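Undergrad: no sequence on this one, just coordinates:
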């Protein structure tokens, strides 16, 4: 589903992640992208990658980074989504985005990315938002394109052999840079 329900933002609380959130966030990110639990949503990477998507050290590094913010999105006191914003001099980087598989497709992602863009503009004066997406994820890239992101054709290699990023199930994985102007 591509349209936000009128109440998709109802009851959402955005806050900075803390060290105490690490285990919850790792579980959320894993559930959104890897393993059978991720198949309940549409953002699964289970058919192209096995193994982990992130780990406690990786999440904690984002929380502790001085140029990065990891935000949790809560509803009814429960973490239902998260995302990273990183200040990179001329633009903001959007990453580590995960929505609970049970809530995907109801407009929550659209609300969250709009809030992330607003925060990047207001906090850092960012005029562009950048992100990288696995280039074979056509459905996910199309979703971002509907949000105003454009494909750049600029690719970076997938870190084959580094199991911190998963175990590839195909040989053609790479990351494509997507960019959106923040007016």
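TA: Nice, I can see it. Please read these numbers as outputs of a predicted model, since none were measured by experiment. Numbers count the residues shown, from 1 in each chain.
Undergrad: C-alpha from now on. contacts and neighbour counts both.
TA: Will do.
Undergrad: Quick one: residues contacting residue 140.
TA: Contact analysis of residue 140 by C-alpha atoms under 8 Å, 6 or more residues apart in numbering lists 43, 133.
Undergrad: Buried residues in the helix or strand it falls within, which are they?
TA: Secondary structure assignment for residue 140, by DSSP states H and E: helix 138-146. Going by neighbour count (16 or more other C-alpha atoms under 10 Å), the buried part of helix 138-146 is 140, 141, 144.
Undergrad: isn't the second one right next to residue 133, touching?
TA: Yes. Residue 141 is within contact range of residue 133, at 7.1 Å (criterion: C-alpha atoms under 8 Å).
Undergrad: just to revisit the earlier point, and the next helix or strand past the helix holding residue 140?
TA: Remark: after helix 138-146, the chain's next helix or strand is strand 150-157, criterion DSSP H and E.
Undergrad: can you give me the mean pLDDT across the next helix or strand along the chain from that next one?
TA: Where DSSP H and E defines the elements, the next helix or strand beyond strand 150-157 is strand 167-168. Strand 167-168 carries an average pLDDT of 95.
Undergrad: Just give the strands next to strand 167-168 in its sheet, each with its orientation.
TA: In the sheet, strand 167-168 lines up against strand 49-50 (antiparallel) (DSSP bridges).
Undergrad: Toward the C-terminus, what is the element adjacent to the partner strand?
TA: Counting by DSSP H and E, the next helix or strand C-terminal to strand 49-50 is helix 56-64.
Undergrad: Tell me which residues of that next one come out buried.
TA: Buried residues in helix 56-64, counting neighbours by 16+ other C-alpha under 10 Å, are found at 59, 60, 62, 63.
Undergrad: now stretch 130-140
TA: Buried, per 16+ other C-alpha under 10 Å, within stretch 130-140: 130, 131, 132, 133, 134, 135, 137, 140.
Undergrad: what's the first-to-last distance across that stretch?
TA: 15 Å (C-alpha to C-alpha, to the nearest Å).
Undergrad: ok, the buried residues of stretch 130-140 vs residue 82, which is closest?
TA: When those are compared for distance to residue 82 (C-alpha to C-alpha), residue 131 wins out at 14.9 Å.
Undergrad: Do I have it right that the closest one meets residue 175?
TA: No. Contact criterion C-alpha under 8 Å: residue 131 and residue 175 do not qualify, at 9.4 Å.
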